[in-house]
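# Okay, sequence plus prediction incoming.
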Amino acid sequence: MDRQKAKRLRQLRRRRHVRKRIVGTPERPRLSVFRSNKHIYAQLIDDLNGVTLAAASSNTGKGAPYGGNIKAAIEVGRKLAEAALAKGITKAAFDRGHYRFHGRVKALALAANAAGLKCSEPKKPPKEEPAAAAAPAAGGKKAKAKAGR
């Protein structure tokens, strides 16, 4: 299989793994990101009705600065959040597609989040159990397992 074809198949597999858990609704649309070498595009999609609710891109026309960097991604995230808030949308489900959550994709998501569109909430740390109750139970099991070896 040729390298480009194999790469495309890996990307499609990754995209399916991400998309099977994300569905856009009118209350919480899907924020889909497309990243090219020169520009970055983002749109809010209502999958139930098959409608794009808002969109923004770094490809705005003549005289636009280079859109393939983090500064442009931050600007697109901010513009998309403003358009969403104007339509009364405050939450979105972030769909990174087959891209990793770093660089321009992460910058876009965090900029939209900071501008008021909650799309990539940070993971909350797990609640810690009381140390006194957890330590003897865990220590006893490990000690028994090590003694039996």
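Ah, there it is. Residues are numbered from 1 along each chain as shown.
# which stretches of the chain form helices?
3-19, 70-86, 104-114, 131-147 (DSSP state H).
# helices and strands around the shortest one, which ones?
Using 3 or more Cβ pairs under 8 Å, 6 or more residues apart in numbering; DSSP states H and E as the contact criterion, the secondary-structure elements in contact with helix 104-114 are strand 30-35, strand 40-46, helix 70-86. Any C-beta I mention is one placed from the backbone N, CA and C, and that applies to glycine too.
# let's go with 6 Å and repeat that
helix 70-86 (3 or more Cβ pairs under 6 Å, 6 or more residues apart in numbering; DSSP states H and E).
# pLDDT weak spots in this structure?
61-64, 121-127, 129-149 (pLDDT under 70).
# ok, now which ones touch the residue most central in space within the chain?
Closest residue to the average C-alpha location of the chain: residue 94 at 4.1 Å, with Cα atoms, centre = their mean. Listed by Cβ atoms under 6 Å, 6 or more residues apart in numbering, the contact set of residue 94 reads 31, 109, 119-120.
# With distance to residue 47 and neighbour count as new columns, can those residues be given to me in TSV?
As requested, the contacts of residue 94 are arranged in TSV below (distance: Cβ to Cβ, whole Å; neighbours: other Cβ atoms under 10 Å):
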residue	distance to residue 47	neighbour count
31	12	29
109	19	22
119	15	25
120	18	19
